[in-house]
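Engineer: next input, structure requested:
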Amino acid sequence: MKFSEIPKRKFPLSFEKYCRLQGEIQVAADRFSDLGTSDGHAVFRELVQVRARLDRTWELIRQIEHRETQR
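Structural biologist: Numbers count the residues shown, from 1 in each chain. Model (predicted):
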């Protein structure tokens, strides 16, 4: 099944969910950074990487949908 054929309500990652996840991850990262410890900063860095991976994943979804609708 093509991504572009999946009804929006059934799609595993909507834009709204993507934004919510990004926000929640950022809040958690900021709170770890605010601890002011090296361990807190290490967790902050990991969460920043999670956000970057989520960005890349969302971009991949958009590219797939674009490719499918251009055929």
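Engineer: any idea which residue sits dead centre in the protein?
Structural biologist: Residue closest to the mean C-alpha point of the chain, counted by CA atoms, centre = their mean, is Leu54 at 2.9 Å.
Engineer: host element of that residue?
Structural biologist: Assigned by DSSP states H and E, Leu54 belongs to helix 38-69.
Engineer: next one: that helix to chain centre, how far?
Structural biologist: 5 Å (CA atoms, centre = their mean, to the nearest Å).
Engineer: which helices and strands does it pack with?
Structural biologist: Contacts defined by 3 or more CB pairs under 8 Å, 6 or more residues apart in numbering; DSSP states H and E place helix 38-69 against helix 15-34. C-beta coordinates here come from the backbone N, C-alpha and C atoms, glycine included.
Engineer: before we move on, the earlier item: pretty sure the residue nearest to the centre of the chain contacts Arg20?
Structural biologist: No: Leu54 lies out of contact with Arg20 (CB atoms under 8 Å); the separation is 11.0 Å.
Engineer: Phe44 - nearest residue in space that isn't next to it in sequence?
Structural biologist: Excluding the flanking residues, the one nearest Phe44 by CB to CB, 6 or more residues apart in numbering is Ser33, at 4.1 Å.
Engineer: just give the number of residues close to that neighbour.
Structural biologist: Other residues lying near Ser33 total 16 when counted by other CB atoms under 10 Å.
Engineer: equivalent analysis for the one 5 residues further on, please.
Structural biologist: In terms of burial, Ser38 registers 7 neighbours under the definition other CB under 10 Å.
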